[in-house]
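J.: build the 3D model from these lines:
(one chain, ligands or ions: 1)
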Amino acid sequence: MHWTEMKKDELERQYSPSRWSTRMSADDVIKAHVKALKEGTERARGMAQTLLNVPYGEGDGEKLDVYIPNINSLDVHLVVYIHGGYWQFLSKEESGFMAVPLVDKGVVVVAVGYDIAPKGNMDLMVSQVRRSIVSVVQQYSHISGLYLCGHSAGAHLAAMVLSTDWSQYSITPQIKGAFLVSGIYDLLPILSTYVNEPLKMTEEVAVRNSPSKLVSQLKLSSCSCQIVVAVAENDSPEFRKQSEEFYKTLEASGLNVTMEDVANTDHFSIIEKLVDGEYHLTKLLLKMMGKS
Ligand SMILES: N[C@@H](CC(=O)c1ccccc1NC=O)C(=O)O
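T.: So this is what the prediction gives:
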């Protein structure tokens, strides 16, 4: 069924990722998610050299954390991670977990903070993640490859970064690869749901911030970026459709894109597992960076 034909109840069920996990109840899967991210981030902070709360702008919320490998390597790749949480939960404080397997391989990981709702709105969050990328490129101009990874709402923000018209900015970042994990690429279906209550997006805001409507700009800005659209086996049908349709649109416009339907995962475990070096998506990311 197309989302425009769904009753509010059904639309809200489709856009409640926690209700689709087969591992545990909705409340428990969110609790376990936050716990897994926190524990992973603590581990990463114990393993890596860290630069915490590095400003990338003037705003209080415009800070990022850098996880630096102890070993010195010649070709240093850098991954910027953009956290999820429906643009209203989570922060960079629990977003360093993927550094656990990556710093071991000499990869620098950056966890970006941004102003979630109600403090921030959609236009601001998009502007913040874009500016964070510019700042990272300016500070780490010697790196040999810049990669993006985003989960859920963070995959939406990562796709918005790929769709940036950089002529408005001081530099044009060259992003080599992007992992878009269980993302939302069309914001229109969530406009009438509980998700939009703190966001307060109008239709106009949702349209200008929907990557599905910006594919021609994405093609102009990110034509040489290797894009992976990943979705969980146990994501809701609507979430799976969002990924499939975005993938198909990118593919049809000739971009370098692959689809990963990750077996035995749900909306939360698909990203939690990036703390493990043996996880399929971790290996894929390392392979993309030539580190396997
Ligand atoms: N109502 C949403 C809540 C949600 O998505 C969420 C809540 C807390 C922390 C992270 C979340 N989502 C994705 O990372 C759900 O059903 O999953």
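
J.: from here on, contacts and neighbour counts on C-alpha atoms
T.: OK.

J.: ok, and what's touching the longest helix belonging to the chain?
T.: Secondary structure of the chain per DSSP state H: the longest helix is helix 26-47. Here helix 26-47 makes contact (C-alpha atoms under 8 Å, 6 or more residues apart in numbering) with 18-21, 23, 67, 90, 93-100, 268-269, 272, 275.

J.: I'd like the average pLDDT over that helix.
T.: Helix 26-47 shows a mean pLDDT of 98.

J.: check which residues of that helix are buried.
T.: The neighbour-count check on helix 26-47 (16 or more other C-alpha atoms under 10 Å) flags 29-30, 33-34, 36-45, 47 as buried.

J.: OK, contacts around Pro173?
T.: 133-134, 137, 166.

J.: how about the secondary structure of it?
T.: At Pro173 the chain is in coil, as set by DSSP: H, G, I helix; E, B strand; the rest coil.

J.: quick one: it from the ligand, how far?
T.: 27 Å (C-alpha to the nearest ligand atom, to the nearest Å).

J.: for Tyr194, same thing?
T.: 8 Å.

J.: you'd agree that residue is up against Glu12?
T.: Yes. With contact defined as C-alpha atoms under 8 Å, Tyr194 reaches Glu12; the gap is 7.0 Å.

J.: just the pLDDT for Asn72.
T.: On the pLDDT scale, Asn72 gets 76.

J.: one step back: among the contacts of helix 26-47, which are within reach of the ligand?
T.: Applying C-alpha under 6 Å from any ligand atom, the subset of the contacts of helix 26-47 adjacent to the ligand comprises 18-19, 90.

J.: just the closest residue of the stretch 1-150 of the chain to the ligand, please.
T.: Ser16 (3.3 Å; C-alpha to the nearest ligand atom).

J.: is it correct that Glu251 falls within a helix?
T.: Yes. Per three-state DSSP, Glu251 lies within a helix segment.

J.: quick check: closest non-adjacent residue to the residue in the stretch 151-292 of the chain that the ligand sits nearest to.
T.: Among all residues of the stretch 151-292 of the chain, Ser152 sits closest to the ligand, at 6.0 Å; criterion: C-alpha to the nearest ligand atom. Nearest non-adjacent residue to Ser152, counting by C-alpha to C-alpha, 6 or more residues apart in numbering: Gly183, 4.0 Å away.

J.: surely the residue of the stretch 151-292 of the chain closest to the ligand touches Val181?
T.: Yes. Using C-alpha under 8 Å, Ser152 is in contact with Val181, at 6.2 Å.

J.: brilliant, that's me finished.
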